[in-house]
Structures are given as C-alpha cells and as structure tokens.
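K.L.:
sequence first, predicted coordinates after that:
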Amino acid sequence: MPREPAEDWIEKIRKELNEYEIGGYDLDQVFEPLFEACSKVAKTYSEFKQCVEEGISTLKSVVRKTRF
C-alpha cells in the first residue's frame, strides 16, 4: 500500500485546526513550522504524529520550567 503524502496529513490537521485561534492567530498557521519540520523527518503518519507530540511536549516543558 503506498504511503499517504505528508501534505495530506498536514492538510487534514489544518482543516481540524481551522476552527481554533489564539489572539487572532489561526492555530494552523501557528503550528505550520512544526508541521513542515516533522514532515521532513517522518516516513509514516505515526512518526509524524510522534514528532508533533514531542515538539509540543518540549514547548510545554520549557514553559513550565521558565521562571520570571
């Protein structure tokens, strides 16, 4: 079975995120660099999903440990 192109994965996620925004920014635009980076390293949707989840998890960890 041929692999679904990463562009298809990203497009499906964008459609779901289309309804969400933060401070006037659409979330699909906010996460675009992460999607692009993960699409370059992932060979399967499972790897793509793991990459996105790790990116978000890393951001959450950094925000939690950063003190002002």
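P.N.:
Great, that's in hand. Numbers count the residues shown, from 1 in each chain.
K.L.:
my read is that residue 39 contacts residue 49, right?
P.N.:
No. Using Cβ atoms under 8 Å, residue 39 is not in contact with residue 49, being 11.4 Å away. To be clear about C-beta, it is placed using only N, CA and C from the backbone, and glycine gets the same treatment.
K.L.:
report how many residues lie close to residue 34.
P.N.:
15 (other Cβ atoms under 10 Å).
K.L.:
chain center to the helix of greatest length in the chain: distance?
P.N.:
If you go by DSSP state H, the chain has its longest helix at helix 45-65. Computed by Cα atoms, centre = their mean, to the nearest Å, the chain-centroid distance of helix 45-65 equals 8 Å.
K.L.:
for residue 7, which non-adjacent residue is closest in space?
P.N.:
Closest residue to residue 7 apart from its sequence neighbours, by Cβ to Cβ, 6 or more residues apart in numbering: residue 39 at 7.5 Å.
K.L.:
just to be sure, the one you found is in a strand?
P.N.:
No. With DSSP: H, G, I helix; E, B strand; the rest coil as the criterion, residue 39 is helix rather than part of a strand.
K.L.:
got the contact list for it?
P.N.:
Applying Cβ atoms under 8 Å, 6 or more residues apart in numbering, we find residue 39 in contact with 6-7, 9-10, 48.
K.L.:
try it again at 10 Å.
P.N.:
Counting by Cβ atoms under 10 Å, 6 or more residues apart in numbering, residue 39 makes contact with 5-7, 9-10, 47-48, 51-52.
K.L.:
swap in residue 23?
P.N.:
Residue 23 neighbours (Cβ under 10 Å, 6+ apart): residue 30.
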